[in-house]
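I need the structure of the sequence given here:
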Amino acid sequence: MNYHCKNLNLKALTAVFMLLIESLLTAQSQKPINVIFMIGDGMGVSQVTSAFYFGEGKPNFQNFKFVGLSETSSTSDRITDSAAGATALSTGKKTYKRAIGVDKDSLAIPTILEQLQDKGYKTGLVSLTSLTHATPAAYYAHIKDRDWHEDIALDFIKSDVDFAAAGGLKFFNKRKDQKNLLNDLLKKQYRIDTVSLSKPVIGKRNLYLLAEDELPNKIQGRKDFLPEATQTALDYFSAEKKPFFLMVEGSFIDWGGHATNAEMMVKEVLDFDKTIGVVMEFIKKNPNTLLVVTADHETGGASIGKFMEKDTATGKKKEVKDKVQVNFIDNQHTAALVPVFAMGKGQELFSGVYPNNTIYHKLVEALKKSGVAVK
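Below is the predicted model of the structure:
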């Protein structure tokens with residue numbers, strides 16, 4: 001009888017232990033995920049391809065196992081701009097060209113950044129352009145036209161973004177209305193640096209406005225601002241010990257296309273790829289993170305084609321078989337599908353071919369699986 005009771009006790013303890021393990025595993029799987037969303041402005045498939053031919057070694061793009069394609073049209077035009085493109089990504093709704101965080105009827109719609117703030121997330125933005133430029137603005141502002149930079153800056157005051165690194169200082173302190181918005185930000189417990197990418201202060205919001213408008217491009221001598229600012233943001237969020245949403249924009253891939261400047265485009269793609277590498281290292285140490293990399297549209301109709309040079313003997317052009325070159329159709333945006341790459345928690349959701357606003361809904365689904373319900 002005593003032996004039988006001991007057996008029952010052992011079985012009961014085993015059952016309790018198994019329930020405890022199951023509970024712990026469930027709790028771990030329900031831990032809110034970090035989301036890092038990277039936008040290569042103007043980055044189509046050919047721009048990504050350039051990293052394979054012009055970079056040194058294996059590009060970080062090659063490490064993705066889950067890849068999709070996104071269609072980028074706006075409600076007003078088949079060929080979108082960065083404002084409508086970024087708004088579709090940030091809100092899940094397509095809208096008209098030039099719109100920032102508003103729908104096709106110019107009504108404000110919540111962004112993923114704002115929705116996650118309501119769930120206790122820390123939030124951040126990194127860009128090479130002005131903080132008030134179309135792509136970063138589409139995550140915190142609700143403005144009818146992308147060129148209303150001073151109005152967008154006012155929306156940033158209300159946004160409570162925890163970390164931001166970009167240009168655009170003049171829209172905060174050299175305004176037509178004579179207001180110095182930096183004073184308003186100081187009252188909201190921002191620590192502001194307009195000189196360097198210094199170490200952030202934990203427990204405060206940190207804002208870096210390091211150029212009057214946009215930062216220099218790579219040809220103009222920009223160093224490693226994008227990977228370094230991204231690493232600084234990740235260090236800050238790690239110290240804050242809360243789930244976070246971070247948007248990082250590789251802005252000048254687009255500008256290289258507009259300038260039909262192959263060297264500029266390639267250098268900006270390689271800089272963006274290097275920044276992806278920084279994020280991938282973070283994911284190795286923080287697996288409860290989802291990385292999504294995509295573009296708002298393609299710029300320039302870029303292609304990677306034959307490298308032709310003049311034959312000194314005949315004067316005719318001939319193909320150099322071990323080289324390629326970048327060619328552009330024109331200097332405008334195109335309707336080309338753009339790639340979507342995903343890594344980490346929920347990565348499998350991003351395979352396939354779909355409209356750009358669908359990416360938002362896939363993010364929402366990934367967040368729901370981690371216990372974060374976004375409406």
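
list phi and psi for the nearest residue to V161 once chain neighbours are set aside.
The spatially closest residue to V161, leaving aside those adjacent along the chain, is T123, at 5.2 Å (C-beta to C-beta, 6 or more residues apart in numbering). In this view, the C-beta of every residue, glycine as well, is placed from N, C-alpha and C. Backbone torsions for T123, taken as degrees, to the nearest 10, come to phi -140, psi 150.

pretty sure T123 contacts F245?
Yes - using C-beta atoms under 8 Å, T123 is in contact with F245, at 5.0 Å.

ok, those two, which is more surrounded?
F245 (28 against 25; other C-beta atoms under 10 Å).

which strand residues bridge that one?
Note on F245: beta-bridge partners by DSSP bridges are V35, T123.

what about the strands in the stretch 101-250 of the chain?
122-130, 163-167, 190-193, 205-209, 244-250 (DSSP state E, counting those that start in this stretch).

among these, which is nearest I36?
Ranking the strands of the stretch 101-250 of the chain by proximity to I36 (C-beta to C-beta) places strand 244-250 first, at 5.0 Å.

what helices or strands is the closest one leaning on?
Helices and strands touching strand 244-250, by 3 or more C-beta pairs under 8 Å, 6 or more residues apart in numbering; DSSP states H and E, are strand 34-40, helix 112-117, strand 122-130, helix 134-137, helix 225-240, helix 262-285.

next SSE downstream of it?
Downstream of strand 244-250, the next assigned helix or strand under DSSP states H and E is helix 252-258.

off-centre distance for that next one?
On the basis of C-alpha atoms, centre = their mean, to the nearest Å, helix 252-258 sits 16 Å off its chain's mean C-alpha point.

point out where the stretch 1-150 of the chain drops to low pLDDT.
1-29 (pLDDT under 70).

for the nearest residue to G167 once chain neighbours are set aside, what are its contacts?
Distances taken as C-beta to C-beta, 6+ apart place A211 nearest to G167, at 3.4 Å, with adjacent residues excluded. For A211, the contacting residues are 130, 167-169, by C-beta atoms under 8 Å, 6 or more residues apart in numbering.

how close does N357 get to W148?
Using C-beta to C-beta, to the nearest Å, N357 is found at 23 Å from W148.

number of nearby residues for L363?
Residues near L363, counting by other C-beta under 10 Å, number 26.

measure it to F54 for me?
Counting by C-beta to C-beta, the gap from L363 to F54 is 31 Å.

reformat the strands of the stretch 101-250 of the chain as a markdown table; add distance to T72.
Below are those laid out as a markdown table (distance: least, C-beta to C-beta, whole Å):
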| stretch | distance to T72 |
| --- | --- |
| strand 122-130 | 19 |
| strand 163-167 | 23 |
| strand 190-193 | 34 |
| strand 205-209 | 29 |
| strand 244-250 | 16 |
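
give me the phi and psi angles of L107.
Per degrees, to the nearest 10, the backbone of L107 is at phi -90, psi 140.

against V279, how distant is it?
For L107, the distance to V279 - C-beta to C-beta - is 34 Å.

of these two, which one has the most company?
Neighbours per residue, other C-beta under 10 Å: of L107 and V279, the larger number sits with V279, 22 against 9.

tell me the contacts of the more buried one?
Taking C-beta under 8 Å, 6+ apart, we find V279 in contact with 36, 38, 230, 234, 248, 291.

residue contacts, the residue lying closest to the fourth one once chain neighbours are set aside?
Which is L234. Of all residues not flanking L234 in the chain, F282 sits nearest, at 5.1 Å (C-beta to C-beta, 6+ apart). The contact partners of F282, taken as C-beta under 8 Å, 6+ apart, are 36, 234, 289.

which among the residues you listed count as buried?
Neighbour counting with 16 or more other C-beta atoms under 10 Å marks 36, 234, 289 as buried within the contacts of F282.

would you turn the residues you listed into a markdown table with distance to K345?
A markdown table is the format used below for the buried ones among the contacts of F282 (distance: C-beta to C-beta, whole Å):
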| residue | distance to K345 |
| --- | --- |
| I36 | 11 |
| L234 | 16 |
| T289 | 7 |
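
looking at those, which one is closest to H297?
H297 lies nearest to I36 out of the buried ones among the contacts of F282, by C-beta to C-beta, at 20.8 Å.

sweet, I'm off.
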